[in-house]
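Visitor: Give me a model of this one.
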Amino acid sequence: MSPLPQLSTTRLLIAAHANEKVLNRQYDGGSLVRLQRGVYAAVADWQSASPWNRYRLSAEALLLTHPAIALSRLTAAHLWGLPVLSLPQEIFAYGTGPGSRTERSGSKATVATAGNGGGLGGRNGFGLHVQRKDLPTGHWEILAGTPVTSLARTLADVLGYEEWAQAIAAADHALRQLPEEQRAGFMENVRDTARIFKPKCRRMRVGEALEFANPLSESAGESLSRANIHALGFPPPVLQFDITDRRGFTARADFYWPHLNLVGEFDGRGKYLRSELLNGRTPAEAVVTEKDREDRIRALGYGVVRWDWDVAKDLEALSRRLRRAGLRPE
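Guide: This next block holds a predicted model:
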């Protein structure tokens, strides 16, 4: 993971370089990137940072220039550790102020370049989506020093405003992280939080997503798959289905359709690349282990259908894959 670059304000940079002319020369010369007015980072650090670290840095820059805001929606979801299926193109926040006007800004990270004044612009920067409204008590808090919407408000916003698959990925994860005895109370808290949402369809979307959410989905990829299987109208699968043979426990299948004796498996790249999932094996050894696992499942008479992230997020591709395995929409 690339390190998070350091932010500097105009005041700090002038203090370090004695005068504003030096700062202006650095910016004009292309060695500084401006994230917000008066907030900079070194271009080399910015360009070497991962897209998600650039996103976090842009959110921090917004907080430095707009202290009376709380990060919200997908920005807050990322900070709470909820899965965000793709990198947002905007920083989301609630800000105090008159009315409830939603403002969008095309503000982007920019760097001056000699001769043409070009910059990072839309290739590397993020827009702003600041909704001007006062949050009710309990709808925001300080998380690791950062003002964000509360977990319940964050989840309610994601369920009410984001696409179905994103909503289910966030809801599944939130429930999975809670002890079983706390889940019902948390879901009721999210419903209560959403009672102020207008129009009514937003509140209905929150309720529908909470009804569908299931902590048995063990990854964002499984949640994405389950959400899109539902959206396509296919029968709901059994989740985390245990399979055994004469050698004992064989596998816990991600999905299982009893009427077809069909196992469904989401193939995330992490199981072949992430060290914590490899358990000391090489990626090649992990592939061999997975093939042996599938051979044992098939030897018991189960059909097996597999898909990866690219298929899971593409409704047409996922439909074709499931239909080839014998599934039909209800």
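
Visitor: For the nearest residue to S31 once chain neighbours are set aside, give its distance to D245.
Guide: Closest residue in space to S31, ignoring its immediate chain neighbours: V43 at 5.6 Å, by C-beta to C-beta, 6 or more residues apart in numbering. Using the backbone N, CA and C atoms, a C-beta is placed for each residue, glycine as well. Look at V43 and D245: by C-beta to C-beta, to the nearest Å, they are 58 Å apart.

Visitor: low pLDDT regions in the stretch 201-330 of the chain?
Guide: Within the stretch 201-330 of the chain, the segments meeting pLDDT under 70 span 269-281.

Visitor: make it 90
Guide: Scanning the stretch 201-330 of the chain for pLDDT under 90 picks out 246-248, 268-293.

Visitor: Now do the helices in the stretch 151-300 of the chain.
Guide: Per DSSP state H, counting those that start in this stretch, the stretch 151-300 of the chain carries helices over the ranges 151-161, 164-176, 180-193, 200-212, 220-231, 270-273, 275-278, 283-299.

Visitor: So which of the ones you listed is the most surrounded?
Guide: helix 151-161 (a mean of 26; mean count of other C-beta atoms under 10 Å).

Visitor: what about the residue nearest to S31, neighbour count?
Guide: Neighbour count for V43, taken as other C-beta atoms under 10 Å: 22.

Visitor: Make residue 1 into 215 and carry on from there
Guide: In the new numbering, first residue 215, that becomes V257.

Visitor: For it, report the pLDDT, please.
Guide: With respect to pLDDT, V257 scores 87.

Visitor: ditto for K414
Guide: 94.

Visitor: hey, where'd the strands end up in the stretch 265-414 of the chain?
Guide: Assigned by DSSP state E, counting those that start in this stretch, the strands in the stretch 265-414 of the chain fall at 283-285, 304-309, 316-319, 341-346, 354-357, 360-363.

Visitor: With distance to P393 and mean pLDDT as extra columns, can I get these in TSV?
Guide: Converted to TSV, the strands of the stretch 265-414 of the chain look like this (distance: least, C-beta to C-beta, whole Å; pLDDT from 0 to 100):
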stretch	distance to P393	mean pLDDT
strand 283-285	27	94
strand 304-309	29	93
strand 316-319	37	60
strand 341-346	33	88
strand 354-357	20	95
strand 360-363	23	96
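
Visitor: In a markdown table, list the ones you listed along with mean neighbour count and distance to V518.
Guide: Below are the strands of the stretch 265-414 of the chain laid out as a markdown table (neighbours: other C-beta atoms under 10 Å; distance: least, C-beta to C-beta, whole Å):
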| stretch | mean neighbour count | distance to V518 |
| --- | --- | --- |
| strand 283-285 | 25 | 42 |
| strand 304-309 | 24 | 40 |
| strand 316-319 | 11 | 46 |
| strand 341-346 | 19 | 43 |
| strand 354-357 | 15 | 42 |
| strand 360-363 | 22 | 41 |
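
Visitor: Select, out of the ones you listed, the one closest to R390.
Guide: Nearest of the strands of the stretch 265-414 of the chain to R390, taken as C-beta to C-beta: strand 354-357 at 19.3 Å.
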